[in-house]
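> below is the structure, and that's it, no one-letter string:
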């Protein structure tokens, strides 16, 4: 018998198309945890500019701000945190992702 | 308010990795409906050789035959049909896909 495992990629769309997927999820989750865009960009091995580009693209598609930055004296620049809309976006994605993972655990023993 | 819609891509993996996704699903479903590989390959705008390649790759990864062909006198060559394992593979994918679509209908009115 061969064991099959289902896998998925999840993303969110507006009427205008793609807005939020696995990459942006990791980025926003990292910002929520670390409170700093530069730190998480480095961790995800992307440039600070690229990370900003992802944020700006989401904000443009949504027409809403998802991130606020704080200029500060700390080494590594000021912090960044999600706006309420940013939090809601992250939560929406996370909720569906969790439901999917939950559902997929039912298919863990599919054999052919 | 912006309306968000979740979208997904679903695929199946064995221990050795990818085996069956949206493209192979369409192909197998088409074979099941039409009983002919050439017809469905044309409909999916892929070459007959490419369609065969997909089938062979699945069979190699699974170590099982998923298609039988019949040589015949009909125009367009003999027919093709799924083996029992082919049917089971198609059904396994379809079941999860339906469950996902069902689940996603709950998220139809997500707004931000």
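Received, thanks. All figures in this text were calculated on a predicted structure; none of them were measured in a lab. Numbers count the residues shown, from 1 in each chain, chains lettered A, B, ... in the order given.
> and residue A:36, how many neighbours does it have?
A count of nearby residues for residue A:36, using other Cβ atoms under 10 Å in any protein chain shown, gives 20. Just so you know, the C-beta spots here come from the backbone N, C-alpha and C atoms, and that holds for glycine as well.
> which residues of chain A lie near chain B?
Residues of chain A found near chain B (Cβ under 8 Å from any Cβ of the partner chain) are A:2-15, A:19-20, A:62-64, A:85, A:88-89, A:92, A:96, A:99-100, A:103-104, A:107, A:110, A:112.
> in strands, which of these fall?
Mapping these onto strands (DSSP state E) picks out A:3-14, A:19-20, A:110.
> grab the nearest non-local neighbour of whichever residue of chain A sits closest to chain B.
Closest residue of chain A to chain B, Cβ to the nearest Cβ: residue A:9 (4.4 Å). If the residues on either side of it in the chain are set aside, residue A:9 comes closest to residue B:9, at 4.4 Å by Cβ to Cβ, 6 or more residues apart in numbering or on different chains.
> my guess is the one you found meets residue A:8, correct?
Yes. The pair residue B:9 and residue A:8 qualifies as a contact (Cβ atoms under 8 Å) at a distance of 6.6 Å.
> who's more crowded, those two?
Counting neighbours by other Cβ under 10 Å for residue B:9 and for residue A:8 shows that residue A:8 has the greater number, 15 against 11.
> double-check the more buried one against residue B:6; I have them as touching.
No. With contact defined as Cβ under 8 Å, residue A:8 does not count as touching residue B:6 (10.6 Å).
> longest helix in chain A, please.
helix A:84-104 (DSSP state H).
> which strands or helices does that one pack on?
Using 3 or more Cβ pairs under 8 Å, 6 or more residues apart in numbering or on different chains; DSSP states H and E, the elements in contact with helix A:84-104 are strand A:3-14, helix A:22-34, helix A:48-62, strand B:3-14, helix B:84-105.
> follow-up on the earlier one: what's near enough to touch the residue nearest to residue A:9?
By Cβ atoms under 8 Å, 6 or more residues apart in numbering or on different chains, residue B:9 lies in contact with A:8, A:9, B:21, B:22.
> what's the closest non-adjacent residue to the third one?
Yep, that's residue B:21 we're talking about. Leaving aside its chain neighbours, residue B:21 sits nearest to residue B:11 (3.6 Å; criterion: Cβ to Cβ, 6+ apart).
> residue B:23 is in contact with that neighbour, correct?
No. Look at residue B:11 against residue B:23 with Cβ under 8 Å: they stay out of range, at 9.5 Å.
> neighbour-wise, which of these two wins?
Neighbours were counted for residue B:11 and for residue B:23 using other Cβ under 10 Å; residue B:11 has more, 20 against 14.
> contact partners for that one?
Residue B:11 touches A:6, A:7, A:8, B:18, B:19, B:20, B:21, B:22, counting by Cβ under 8 Å, 6+ apart.
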